Structures are given as C-alpha cells and as structure tokens.
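S.K.: Starting from these lines, generate the structure:
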Amino acid sequence: MNPHLFTGFIGLSVAMLSIGAVGVLVRRNPLVVFMSIELMLNAANLALVTYGRFTHTMDGQVFALVVIAVAASEVVVGLALITGVFRRGRRLDLDDLSELRE
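M.R.: Below is the predicted model of the structure:
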C-alpha cells in the first residue's frame with residue numbers, strides 16, 4: 001500500500017472520529033448521539049482495516065469485524081431504551097434522561 005494513501009485513510013479516520021466526538025459532546029438528542037457513536041466506531045474500523053492492509057495481515061479486518069458486532073449490539077440496546085422512553089411520553093433529551101425513573 002502506498003504510504004501517501006495510508007496517511008490519507010488515517011487522516012479521514014481522524015476526521016470522522018473528530019466529527020463523531022463533537023456530535024456526542026454537543027448534541028442532546030439520543031438518536032443523534034447514537035449516530036455520532038456509530039460514526040466514531042466506523043472511523044475506528046477504517047483505521048483498523050487500513051492498518052491491516054498496510055501490514056499485509058488480516059488482523060485489522062478481524063478486529064473491525066469484532067467492532068461491527070459490538071456496534072450492532074449497542075444499537076439494539078440503545079434503540080430499545082429510546083423506544084421505551086418515547087412510548088412513556090417523555091422528552092428525548094439526554095439531560096432529562098439521566099435518571100430512568102418516573
């Protein structure tokens with residue numbers, strides 16, 4: 001793999017991670033926060049696959065597959081919580097949802 005291409009992919013990964021971190025820190029809507037977390041996980045996947053491609057091993061792809069599995073389970077649990085809160089008629093604001101009591 002070309003070293004310039006490697007730095008380009010790592011730079012893209014850093015940019016995606018930064019955008020996701022800003023989304024998590026700034027936004028208060030849980031759906032937007034979940035999308036930002038998914039963007040950060042995809043940035044990690046891009047960096048892992050780039051590393052695996054650069055070193056000519058399958059390690060990056062294996063770790064990326066593990067990250068995808070963790071992300072899928074995180075989305076299932078998170079969307080179930082958000083759906084439950086929405087059905088109860090509460091506002092979807094992270095500050096208000098810090099305690100999941102009535």
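
S.K.: For the rest of this, base every contact and every neighbour count on C-alpha atoms.
M.R.: Noted.

S.K.: check which helix or strand covers the residue most central in space within the chain.
M.R.: The chain has residue 38 as the residue nearest its centroid, 2.4 Å off, counting by CA atoms, centre = their mean. Here residue 38 sits within helix 30-55, counting by DSSP states H and E.

S.K.: For that helix, list every residue counted as buried.
M.R.: The neighbour-count check on helix 30-55 (16 or more other CA atoms under 10 Å) flags 30-31, 33-34, 36-53 as buried.

S.K.: hmm, back to that, what are the neighbouring residues in contact with the residue nearest to the centre of the chain?
M.R.: 20, 71 (CA atoms under 8 Å, 6 or more residues apart in numbering).

S.K.: Check the gap between it and residue 88 for me.
M.R.: In this structure, residue 38 and residue 88 are 26 Å apart, going by CA to CA, to the nearest Å.

S.K.: can you check residue 52 too?
M.R.: 46 Å.

S.K.: Okay, now the unreliable bits of the chain?
M.R.: Low-confidence segments of the chain (pLDDT under 70): 90, 95-102.

S.K.: helices and strands around the lengthiest helix in it, which ones?
M.R.: For the chain, the helix with the greatest residue count under DSSP state H is helix 59-87. In terms of contacts (3 or more CA pairs under 8 Å, 6 or more residues apart in numbering; DSSP states H and E), helix 59-87 is packed against helix 30-55.

S.K.: Right, I'll leave it there.
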